[in-house]
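Trainee: Fold the following and give me the result.
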Amino acid sequence: SYHHWAMRYLPDSMKRGRPDIVHFTLLEALGAPLNHSGKLRVWVSTYDGYIIEVDSRTRLPRTYERFKGLVEKLYATSGSEGLLRMRKASLQALLAEIKPDTVYLLSEEGEKIDWDSLGMMMARNEKPTVLVGAFPHSSFRPETTRLAERIFSIYDRPLEAWVVVSRLLCTLERIQK
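Mentor: Next up, the predicted model:
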């Protein structure tokens, strides 16, 4: 984001250069009671074709600059940094590996649904997977939307990724009680 002026000429420039969105979204997810109870698994699919598996016990740096350093170290070693593991793989390969019951994608372009209905739908599955975009603008790639069985919109305007993740986790926690 510091180099937006240079990045604007890259393909998909509106989907690049914002690790702060991923950082804050991961902090929200990893701090949730659903994660602490062992009922949440988190992966990050990067723009350049890597999958980062985030162990539920991970305690990410709270400051953005230290988080960036951790991710840079992951890329430099192309492997493991504590409870984070990175490998070259597509989102499609990850889904084939984890074999979810169903795959939902959250996008403002999807079918309108309220939080509780989405939560109840997810609760009926043993291994649901939700894809959330952690980029500032633009739409998902066509190959990503094809992976989803259902595409839902949970609000009438775009929301930040961390808001979506936080609200969805709260909804699931409330439904599971």
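Trainee: can you pull the contacts of the residue nearest the centre of the chain?
Mentor: Among the residues of the chain, the smallest C-alpha distance to the mean C-alpha position (CA atoms, centre = their mean) belongs to Val132, namely 4.8 Å. With contact set as CB atoms under 8 Å, 6 or more residues apart in numbering, Val132 has these partners: 25, 106, 161, 164-165. Every C-beta, even on glycine, is put in place using the N, C-alpha and C of the backbone.
Trainee: ok, so of these, who is nearest Lys68?
Mentor: Thr25 (14.7 Å; CB to CB).
Trainee: Flag every buried residue along the helix or strand where that closest one lies.
Mentor: Using DSSP states H and E, the secondary-structure element containing Thr25 is helix 19-30. Of the residues in helix 19-30, those scored as buried under the neighbour-count criterion (16 or more other CB atoms under 10 Å) are 19, 21-30.
Trainee: and which of those is nearest to Thr46?
Mentor: For the buried residues of helix 19-30, the closest approach to Thr46 (CB to CB) belongs to Val22, at 8.8 Å.
Trainee: so who does the closest one touch?
Mentor: For Val22, the set of contacting residues under the criterion of CB under 8 Å, 6+ apart consists of 44, 134, 161.
Trainee: ok, 10 Å please
Mentor: 44, 46, 52, 67, 71, 134-135, 161-162 (CB atoms under 10 Å, 6 or more residues apart in numbering).
Trainee: Narrow these to those in helices?
Mentor: 67, 71, 161-162 (DSSP state H).
Trainee: tell me the least confident of the residues you listed?
Mentor: Ranked by pLDDT, the ones in helices among the contacts of Val22 bottom out at Val71, which has 90.
Trainee: didn't that one look like it was pressed against Glu65?
Mentor: No - taking CB atoms under 10 Å as the definition, Val71 is not a contact partner of Glu65, at 11.0 Å.
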